[in-house]
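Engineer: predicted model and sequence follow; I will ask about them next.
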Number of protein chains: 2
Amino acid sequence: MNNHTPHALKELLDARYGKGPQTLDSMNDTIDTLMQHRSVRAFTDQPLAPNTLELLIAAAQSASTSSNLQTWSVIAVEDPARKQRLSDLAGKQAFINSAPLFLVWIADLARMQSMGDKREKPYGSLDYLEMMLVATIDSALAAQNAAIAAESLGLGTVYIGAIRNNLEGVAKELGLPPRAFATFGMCVGHPDPAQLSAIKPRLPQASVLHKEQYNVGVHDQVVPGYNDTMDAFYEAQKMKPLGAWDLHSLNRVRGPEAMAGRDGMVAALNKLGFALK
Amino acid sequence: MNNHTPHALKELLDARYGKGPQTLDSMNDTIDTLMQHRSVRAFTDQPLAPNTLELLIAAAQSASTSSNLQTWSVIAVEDPARKQRLSDLAGKQAFINSAPLFLVWIADLARMQSMGDKREKPYGSLDYLEMMLVATIDSALAAQNAAIAAESLGLGTVYIGAIRNNLEGVAKELGLPPRAFATFGMCVGHPDPAQLSAIKPRLPQASVLHKEQYNVGVHDQVVPGYNDTMDAFYEAQKMKPLGAWDLHSLNRVRGPEAMAGRDGMVAALNKLGFALK
């Protein structure tokens, strides 16, 4: 079963980078699925087919994991009251409630601690920033596999970074043990076809792909053109213009007052059992 | 073009979780690609087809990115001498040299700083742990899309976490600007069919998938069985047994003496421009 509609690669590249003389080939269903991605924030009432969750998790567990330590978990939330409370904790994003499934991805060093306690072995590395990063990356690779599996089935997803606004509140709501924290949420459901967003343009490849060494000068060259691309995208989509992409983006990182609580992350993680040495 | 050989879902689930009454359906080419993943550490001499790199990066840029900030970059390394130096910096893993393409994925806040300097706008949030995590997660989602695209083309990949053993050395080798660091490397090439590894079993789903709240008691229940599964896997593969999975894993996290330099990550990141407030 493959519910998504395949597209020509040229069309997908034009959508991602703007119209141009695209010459890539080697297309297949998987690359088509990857390149058709767009975030979905409006879902129909249709429930997920039986066993969808288990299939998404099998895909997630098939992702690489550092040294096979598997330092991640995921909490599947379907209870409407809990979804509402998590939505409240994550910037009151109402579409979290409308998704039949809300996945909260967990950087999970608690399993290692539990194994160490059982075997009476030391686990001093868990107190270091490195192991927090390992668990965060493990959770991201797993989540991305689940997202792709979902999209290949015609489902829509959106990542919810705002789950980090209140790490302690989320940990309490989900009953997380020490040494576990939510890296991001993910809504999963059937996209409302009336509200399907378009493929969003990204920066030119030259801005993110560097050959042999980092090209420090590239950003000044490409950002003005990308501002124009994004302006045209919002206009074509009849969406509210956000202002130039660079200024809008800079406004988001202007300082702790714009971080919705995430400026307190070190203290929150310390309380959740991450020493971050 | 789709060079990988499709398999029955039952067969893939058995490989991942051990033989059992698997009932999942809804298979398609993309899920088949995801579930067939195994790390590849032996490559043939065959070069990559033209434009493969650009196709992988188009897939990577199609992944979600927090607030469309696109806080990642990737350095494509093909020069044999540079691959050798990076291999030396990353635990002397010789197979890095044998891969035609070595990608180093970058958590990149330098672009935001460059934009802020150009526009004379503040970017105080870049000094917080949160934004380092955003960039790390962005790089992981992008990399996983590239890995999946590569595997859909019949190529093999392996993540190289050891690129974090010496963050400053890697940054110097790649000419990274301040506020950029390597989150992991990735070898890409044609798998040597004579040395193709098997699909590695993972923990039972009950260990990573929690319903509504975290099930703290599950780990004691499932870890002994997974130790047995992994023992049987290594025996069937005629690979050197590593000892019980939990003990082997605990040995890897026993303390800073086992971290190959990554216990110095906070100091290294500080030097690379990450304040981690």
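Structural biologist: All right, it came through fine.

Engineer: how close does the residue located most distally from the centre of chain A get to B:V253?
Structural biologist: Seen from the C-alpha centroid of chain A, the residue lying at the greatest distance (Cα atoms, centre = their mean) is A:E120, 35.9 Å away. Going from A:E120 to B:V253 by Cβ to Cβ, to the nearest Å gives 14 Å. Every C-beta, even on glycine, is put in place using the N, C-alpha and C of the backbone.

Engineer: same question for A:L86.
Structural biologist: Here the distance between A:L86 and B:V253 works out to 30 Å (Cβ to Cβ).

Engineer: what does A:E130 give?
Structural biologist: As it turns out, when the distance is counted by Cβ to Cβ, A:E130 lies 10 Å from B:V253.

Engineer: same question, A:D14
Structural biologist: Distance from A:D14 to B:V253, by Cβ to Cβ: 47 Å.

Engineer: compare those two (neighbour count), which wins?
Structural biologist: In terms of neighbours (other Cβ atoms under 10 Å in any protein chain shown), B:V253 is the more surrounded of A:D14 and B:V253; the figures are 27 against 15.

Engineer: tell me the secondary structure at the residue lying closest to that one once chain neighbours are set aside.
Structural biologist: The spatially closest residue to B:V253, leaving aside those adjacent along the chain, is A:S125, at 4.0 Å (Cβ to Cβ, 6 or more residues apart in numbering or on different chains). Three states are possible here, and by DSSP: H, G, I helix; E, B strand; the rest coil the one that applies to A:S125 is helix.

Engineer: OK, contacts around A:S125?
Structural biologist: Counting by Cβ atoms under 8 Å, 6 or more residues apart in numbering or on different chains, A:S125 makes contact with A:131, B:252-256, B:258-259, B:263.

Engineer: may I ask which of those residues has the most neighbours?
Structural biologist: Among the contacts of A:S125, where neighbours are counted by other Cβ under 10 Å, the top count belongs to A:M131, at 30 neighbours.

Engineer: so that residue is in which element?
Structural biologist: Assigned by DSSP states H and E, A:M131 falls within helix A:129-152.

Engineer: same check on A:S64?
Structural biologist: With DSSP H and E as the test, A:S64 turns up in no helix or strand.

Engineer: A:D14 now?
Structural biologist: The secondary structure element spanning A:D14 is helix A:9-17 (assigned by DSSP H and E).

Engineer: just the C-alphas of that helix, formatted as PDB.
Structural biologist: As requested, the backbone C-alpha atoms of helix A:9-17 are provided in PDB (Å, rounded to 0.1, in the frame of the first residue of the first chain):
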ATOM      1  CA  LEU A   9      11.500  14.800  -9.600                       C
ATOM      2  CA  LYS A  10      11.900  18.000 -11.700                       C
ATOM      3  CA  GLU A  11       8.600  19.300 -10.200                       C
ATOM      4  CA  LEU A  12       9.700  18.500  -6.600                       C
ATOM      5  CA  LEU A  13      13.100  20.100  -7.100                       C
ATOM      6  CA  ASP A  14      11.500  23.200  -8.500                       C
ATOM      7  CA  ALA A  15       9.200  23.400  -5.500                       C
ATOM      8  CA  ARG A  16      12.100  23.000  -3.100                       C
ATOM      9  CA  TYR A  17      14.700  25.300  -4.800                       C
END
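
Engineer: is any residue of the helix or strand following that helix near chain B?
Structural biologist: Downstream of helix A:9-17, the first helix or strand assigned by DSSP H and E is helix A:29-35. Yes - counting by Cβ under 8 Å from any Cβ of the partner chain, chain B has neighbours in helix A:29-35: A:29-31, A:33-35.

Engineer: same check, this time on stretch A:206-222
Structural biologist: Yes - contact between stretch A:206-222 and chain B is present through A:207-214, A:216, A:219-220 (criterion: Cβ under 8 Å from any Cβ).

Engineer: in helices only, show me those.
Structural biologist: Among these, the members falling in helices are A:207-208, A:219-220 (criterion: DSSP state H).

Engineer: what subset of those is buried?
Structural biologist: Burial by neighbour count, 16 or more other Cβ atoms under 10 Å in any protein chain shown: within these this picks out A:207-208, A:219.

Engineer: can you list the weak-confidence ranges in the stretch 1-150 of chain A?
Structural biologist: Low-confidence segments of the stretch 1-150 of chain A, defined by pLDDT under 70, span residues A:1-7, A:19-26.

Engineer: give me that answer again for 80
Structural biologist: Counting by pLDDT under 80, the low-confidence segments of the stretch 1-150 of chain A come to A:1-8, A:18-27.

Engineer: mind listing the strands the longest strand anywhere in chain A pairs with, and their directions?
Structural biologist: If you go by DSSP state E, chain A has its longest strand at strand A:180-189. According to DSSP bridges, strand A:180-189 has the following sheet partners: strand A:101-108 (antiparallel), strand A:156-160 (antiparallel).

Engineer: for B:G243, find the nearest of those.
Structural biologist: Judged by Cβ to Cβ, the one of these that comes nearest to B:G243 is strand A:101-108, at 22.5 Å.

Engineer: quick one, that closest one and helix A:129-152 angle?
Structural biologist: Between the direction of strand A:101-108 and that of helix A:129-152, the angle (axes from the mean of the first three to the mean of the last three Cα atoms, to 10 degrees) works out to 160 degrees.

Engineer: which strands or helices does the helix or strand that comes right after strand A:101-108 pack on?
Structural biologist: Beyond strand A:101-108 in the direction of the C-terminus, DSSP H and E gives the next helix or strand as helix A:110-119. When contacts are defined as 3 or more Cβ pairs under 8 Å, 6 or more residues apart in numbering or on different chains; DSSP states H and E, helix A:110-119 packs onto helix B:218-236, helix B:245-252.

Engineer: helix A:110-119: which residues count as buried?
Structural biologist: For helix A:110-119, burial by neighbour count (16+ other Cβ under 10 Å) applies to A:110-116.

Engineer: between which two of those residues is the distance greatest?
Structural biologist: Comparing all pairs in those by Cβ to Cβ, the longest separation belongs to A:A110 and A:G116, at 10.6 Å.

Engineer: surely A:M35 touches A:A8?
Structural biologist: No - if you go by Cβ atoms under 8 Å, A:M35 and A:A8 don't touch, sitting 10.6 Å apart.

Engineer: the two: which is more packed in?
Structural biologist: Each of A:M35 and A:A8 had its neighbours counted (other Cβ under 10 Å), and the higher figure belongs to A:M35 (23 against 10).

Engineer: now for the residue lying closest to that one once chain neighbours are set aside, how many residues are close by?
Structural biologist: Leaving out its chain neighbours, the residue that sits closest to A:M35 by Cβ to Cβ, 6+ apart is A:L12, at 4.3 Å. Here the count is done by other Cβ under 10 Å, and A:L12 has 23 residues near it.

Engineer: how about A:A236?
Structural biologist: For A:A236, the tally of surrounding residues (other Cβ under 10 Å) stands at 9.

Engineer: just the pLDDT for it.
Structural biologist: At A:A236 the predicted local distance difference test score is 90.

Engineer: cool, and the one 10 residues further on?
Structural biologist: According to the model's per-residue confidence, A:D246 sits at a pLDDT of 98.

Engineer: wait, it sits on B:M115?
Structural biologist: Yes - the pair A:D246 / B:M115 is scored as a contact, 4.6 Å apart, by Cβ under 8 Å.

Engineer: need the residues touching each of these two.
Structural biologist: A:V223.
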